[in-house]
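Undergrad: Sequence and predicted structure below; questions after.
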Amino acid sequence: LFSGKLKLNPFKNKNDRYVHFHSFDYSRYLNKKKQGSKKINKDNLIFLDSAGPFFSDDLKMFGDKIFIDKRKWYQELNKFLRFLEIKFKSKIIIIPHSKNKGQKNPYYNSKFKIAHNNNAALDLIPNSKLVIANTATTAVTFAVASKRPILLIYNDQIHQKIKNRFFDLNNMSKILGTQLVNISNKFIDHEINLKINTKKYMKYKYDYLTSRVIEKKMNYQIIDEITKL
(Lines give C-alpha, C1' and ligand atoms only; values in the text may rest on other atoms or scores of the structure.)
Protein backbone atom coordinates (compact mmCIF):
# COMPACT_ATOMS: atom_id res chain seq x y z
CA LEU A 1 0.00 0.00 0.00
CA PHE A 2 1.41 3.39 -0.90
CA SER A 3 0.23 7.00 -0.63
CA GLY A 4 1.00 9.65 -3.23
CA LYS A 5 3.53 8.94 -5.96
CA LEU A 6 6.45 7.35 -4.14
CA LYS A 7 6.46 3.56 -3.84
CA LEU A 8 8.69 2.81 -0.86
CA ASN A 9 9.58 -0.88 -0.71
CA PRO A 10 12.92 -1.87 0.89
CA PHE A 11 12.30 -5.59 0.28
CA LYS A 12 11.23 -5.80 -3.34
CA ASN A 13 10.01 -9.03 -4.87
CA LYS A 14 8.99 -9.73 -8.45
CA ASN A 15 5.53 -10.80 -7.28
CA ASP A 16 4.85 -7.55 -5.38
CA ARG A 17 1.63 -5.71 -6.22
CA TYR A 18 1.26 -1.99 -5.49
CA VAL A 19 -2.09 -0.56 -4.39
CA HIS A 20 -2.97 3.14 -4.05
CA PHE A 21 -3.95 4.03 -0.49
CA HIS A 22 -4.79 7.22 1.40
CA SER A 23 -2.22 8.26 4.03
CA PHE A 24 -3.31 7.70 7.63
CA ASP A 25 -4.12 11.36 8.39
CA TYR A 26 -5.78 11.94 5.02
CA SER A 27 -7.93 8.86 5.57
CA ARG A 28 -8.98 10.22 8.97
CA TYR A 29 -9.88 13.52 7.31
CA LEU A 30 -12.04 11.76 4.69
CA ASN A 31 -13.84 9.71 7.35
CA LYS A 32 -14.54 12.85 9.37
CA LYS A 33 -15.81 14.67 6.30
CA LYS A 34 -18.07 11.75 5.36
CA GLN A 35 -19.56 11.61 8.84
CA GLY A 36 -20.19 15.34 8.89
CA SER A 37 -19.52 17.55 11.90
CA LYS A 38 -20.69 20.68 13.63
CA LYS A 39 -18.91 23.78 12.39
CA ILE A 40 -16.42 25.25 14.83
CA ASN A 41 -15.45 28.90 15.28
CA LYS A 42 -13.27 29.82 12.31
CA ASP A 43 -11.54 32.63 14.20
CA ASN A 44 -9.20 30.19 15.96
CA LEU A 45 -5.46 30.12 15.27
CA ILE A 46 -4.12 26.60 15.74
CA PHE A 47 -0.53 26.09 16.91
CA LEU A 48 0.95 22.60 16.49
CA ASP A 49 3.75 22.38 19.04
CA SER A 50 6.82 20.15 19.07
CA ALA A 51 7.66 17.86 21.98
CA GLY A 52 10.80 19.74 23.04
CA PRO A 53 12.38 21.60 24.55
CA PHE A 54 10.33 21.30 27.75
CA PHE A 55 9.49 17.63 27.15
CA SER A 56 11.87 15.00 25.81
CA ASP A 57 12.05 14.89 22.04
CA ASP A 58 13.73 12.76 19.39
CA LEU A 59 17.04 14.57 19.85
CA LYS A 60 17.32 13.32 23.43
CA MET A 61 16.14 9.85 22.42
CA PHE A 62 19.06 9.54 20.00
CA GLY A 63 21.55 10.90 22.53
CA ASP A 64 22.09 14.36 21.00
CA LYS A 65 23.21 16.83 23.66
CA ILE A 66 22.04 20.26 22.56
CA PHE A 67 21.70 23.07 25.07
CA ILE A 68 18.44 24.93 24.59
CA ASP A 69 17.45 27.96 26.64
CA LYS A 70 13.88 26.88 27.44
CA ARG A 71 12.84 30.16 29.01
CA LYS A 72 13.95 32.17 25.99
CA TRP A 73 12.39 29.63 23.61
CA TYR A 74 8.92 29.92 25.15
CA GLN A 75 9.18 33.66 25.74
CA GLU A 76 9.69 34.15 22.01
CA LEU A 77 6.93 31.67 21.18
CA ASN A 78 4.37 33.20 23.55
CA LYS A 79 5.17 36.71 22.33
CA PHE A 80 4.72 35.71 18.68
CA LEU A 81 1.49 33.80 19.28
CA ARG A 82 0.09 36.76 21.21
CA PHE A 83 1.11 39.02 18.29
CA LEU A 84 -0.93 36.81 15.96
CA GLU A 85 -3.94 36.94 18.27
CA ILE A 86 -3.92 40.73 18.18
CA LYS A 87 -3.19 40.98 14.45
CA PHE A 88 -5.99 38.63 13.40
CA LYS A 89 -8.36 39.40 16.30
CA SER A 90 -8.50 35.67 17.03
CA LYS A 91 -7.74 33.18 19.76
CA ILE A 92 -4.74 30.84 19.92
CA ILE A 93 -5.37 27.16 20.61
CA ILE A 94 -2.23 25.11 21.27
CA ILE A 95 -2.22 21.44 20.31
CA PRO A 96 0.67 19.78 22.17
CA HIS A 97 2.70 17.05 20.52
CA SER A 98 0.94 13.68 20.65
CA LYS A 99 3.62 12.36 23.05
CA ASN A 100 2.65 15.02 25.60
CA LYS A 101 -1.13 14.71 25.67
CA GLY A 102 -2.50 15.47 29.14
CA GLN A 103 0.81 16.83 30.43
CA LYS A 104 1.10 20.44 31.56
CA ASN A 105 3.73 22.76 30.08
CA PRO A 106 4.29 25.60 32.59
CA TYR A 107 5.99 27.77 29.96
CA TYR A 108 2.85 28.39 27.91
CA ASN A 109 1.06 31.71 28.31
CA SER A 110 -1.73 30.86 30.77
CA LYS A 111 -4.24 32.76 28.60
CA PHE A 112 -3.82 30.34 25.68
CA LYS A 113 -6.23 27.44 25.41
CA ILE A 114 -4.63 23.97 25.28
CA ALA A 115 -6.38 21.17 23.36
CA HIS A 116 -5.23 17.80 24.71
CA ASN A 117 -7.83 15.52 23.11
CA ASN A 118 -6.49 12.97 20.65
CA ASN A 119 -8.51 14.28 17.70
CA ALA A 120 -7.75 17.96 18.35
CA ALA A 121 -5.84 18.52 15.10
CA LEU A 122 -8.45 16.72 13.01
CA ASP A 123 -11.35 18.53 14.70
CA LEU A 124 -9.90 22.05 14.84
CA ILE A 125 -7.66 22.57 11.81
CA PRO A 126 -10.30 22.24 9.02
CA ASN A 127 -12.29 25.10 10.60
CA SER A 128 -9.39 27.35 11.64
CA LYS A 129 -8.26 30.71 10.34
CA LEU A 130 -4.55 29.80 10.39
CA VAL A 131 -2.35 26.82 11.27
CA ILE A 132 1.08 27.50 12.81
CA ALA A 133 3.82 24.87 13.22
CA ASN A 134 7.44 24.89 14.37
CA THR A 135 8.25 21.45 12.93
CA ALA A 136 7.57 19.75 9.61
CA THR A 137 4.68 17.82 11.15
CA THR A 138 2.46 15.46 9.17
CA ALA A 139 -0.53 17.15 10.84
CA VAL A 140 -0.34 19.78 8.07
CA THR A 141 -2.24 17.11 6.10
CA PHE A 142 -5.46 18.43 7.67
CA ALA A 143 -4.61 22.00 6.61
CA VAL A 144 -3.76 20.96 3.05
CA ALA A 145 -6.91 18.83 2.71
CA SER A 146 -9.17 21.62 3.98
CA LYS A 147 -7.21 24.42 2.27
CA ARG A 148 -6.30 26.26 5.48
CA PRO A 149 -3.35 28.73 5.52
CA ILE A 150 -0.13 27.42 7.08
CA LEU A 151 2.60 29.47 8.76
CA LEU A 152 5.89 27.73 9.57
CA ILE A 153 8.05 29.27 12.29
CA TYR A 154 11.49 28.85 13.81
CA ASN A 155 13.79 30.83 16.10
CA ASP A 156 17.50 31.52 16.37
CA GLN A 157 18.05 28.44 18.53
CA ILE A 158 16.50 26.16 15.90
CA HIS A 159 18.51 27.81 13.13
CA GLN A 160 21.80 27.62 15.03
CA LYS A 161 21.51 24.40 17.02
CA ILE A 162 18.89 22.13 15.42
CA LYS A 163 19.96 22.25 11.78
CA ASN A 164 17.94 19.25 10.66
CA ARG A 165 14.69 20.80 11.91
CA PHE A 166 15.41 24.07 10.12
CA PHE A 167 16.22 22.12 6.94
CA ASP A 168 12.90 20.24 7.16
CA LEU A 169 10.94 23.44 7.83
CA ASN A 170 12.62 25.25 4.95
CA ASN A 171 11.96 22.32 2.62
CA MET A 172 8.29 22.08 3.61
CA SER A 173 7.92 25.84 3.19
CA LYS A 174 9.14 25.58 -0.41
CA ILE A 175 7.01 22.55 -1.21
CA LEU A 176 3.80 24.11 0.14
CA GLY A 177 4.57 27.71 -0.82
CA THR A 178 4.04 28.84 2.78
CA GLN A 179 5.78 31.51 4.80
CA LEU A 180 8.73 30.62 7.03
CA VAL A 181 9.24 33.19 9.79
CA ASN A 182 12.02 33.62 12.34
CA ILE A 183 10.19 34.62 15.52
CA SER A 184 13.44 35.80 17.14
CA ASN A 185 13.28 38.81 14.81
CA LYS A 186 11.04 41.84 15.11
CA PHE A 187 7.54 41.06 13.85
CA ILE A 188 6.33 43.04 10.86
CA ASP A 189 2.58 43.03 10.22
CA HIS A 190 2.65 42.87 6.45
CA GLU A 191 4.97 39.83 6.47
CA ILE A 192 2.18 37.62 7.83
CA ASN A 193 -0.72 36.83 5.51
CA LEU A 194 -3.42 34.22 5.05
CA LYS A 195 -2.81 33.40 1.40
CA ILE A 196 -2.39 29.82 0.22
CA ASN A 197 -0.75 28.49 -2.91
CA THR A 198 -3.54 26.24 -4.21
CA LYS A 199 -1.38 24.75 -6.95
CA LYS A 200 1.33 23.65 -4.49
CA TYR A 201 -1.26 22.40 -2.00
CA MET A 202 -2.75 20.17 -4.69
CA LYS A 203 0.67 18.92 -5.76
CA TYR A 204 1.52 18.08 -2.13
CA LYS A 205 -1.79 16.25 -1.81
CA TYR A 206 -1.18 13.99 -4.80
CA ASP A 207 2.56 13.60 -4.21
CA TYR A 208 2.28 12.46 -0.59
CA LEU A 209 -1.28 11.93 0.66
CA THR A 210 -3.48 10.24 -1.92
CA SER A 211 -4.08 9.54 -5.61
CA ARG A 212 -6.66 10.68 -8.15
CA VAL A 213 -7.55 7.05 -8.94
CA ILE A 214 -8.92 6.48 -5.42
CA GLU A 215 -10.60 9.84 -4.76
CA LYS A 216 -14.06 8.26 -4.54
CA LYS A 217 -12.96 5.36 -2.33
CA MET A 218 -12.28 5.02 1.38
CA ASN A 219 -9.38 2.95 2.72
CA TYR A 220 -11.71 0.31 4.15
CA GLN A 221 -13.22 -0.13 0.67
CA ILE A 222 -9.76 -0.57 -0.87
CA ILE A 223 -8.87 -3.19 1.73
CA ASP A 224 -12.17 -4.94 1.12
CA GLU A 225 -11.40 -5.12 -2.60
CA ILE A 226 -7.93 -6.56 -1.92
CA THR A 227 -9.27 -9.31 0.34
CA LYS A 228 -11.68 -10.44 -2.40
CA LEU A 229 -8.94 -10.94 -5.01
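TA: Sure, I can see it.
Undergrad: Can you pull the poorly scored residue ranges out of this structure?
TA: 37-41, 54-66, 189-190 (pLDDT under 70).
Undergrad: where do the helices sit along it?
TA: Taking DSSP state H to define them, one finds helices in the chain at 24-35, 58-61, 70-88, 120-124, 140-145, 156-161, 163-176, 198-204, 219-227.
Undergrad: Apart from its neighbours in sequence, what residue is nearest residue 27?
TA: Excluding its sequence neighbours, the residue lying closest to residue 27 (CB to CB, 6 or more residues apart in numbering) is residue 219, at 4.6 Å. Heads up, the C-betas are built off the backbone N, CA and C, glycines and all.
Undergrad: What is the neighbour count of that neighbour?
TA: If you count neighbours by other CB atoms under 10 Å, residue 219 ends up with 20.
Undergrad: Residue 95 now?
TA: 24.
Undergrad: Any idea what it is bridged to?
TA: Applying DSSP bridges to residue 95 gives these bridge partners: residue 48.
Undergrad: residues in contact with it?
TA: Contact analysis of residue 95 by CB atoms under 8 Å, 6 or more residues apart in numbering lists 46, 47, 48, 49, 114, 115, 120, 121, 124, 139.
Undergrad: now those residues as CSV including neighbour count?
TA: Below are the contacts of residue 95 laid out as CSV (neighbours: other CB atoms under 10 Å):
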residue, neighbour count
46, 26
47, 25
48, 23
49, 21
114, 17
115, 18
120, 20
121, 26
124, 20
139, 19
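Undergrad: If we only consider these, which is nearest to residue 192?
TA: Minimum distance to residue 192 across the contacts of residue 95 is 13.7 Å, recorded for residue 47 (CB to CB).
Undergrad: how close does that closest one get to residue 4?
TA: As defined by CB to CB, to the nearest Å, residue 47 lies at a distance of 26 Å from residue 4.
Undergrad: right, and the helices of the chain - which one's nearest residue 102?
TA: Distance to residue 102, taken as CB to CB, is lowest for helix 120-124 among the helices of the chain, at 11.7 Å.
Undergrad: With that, I have no additional questions.
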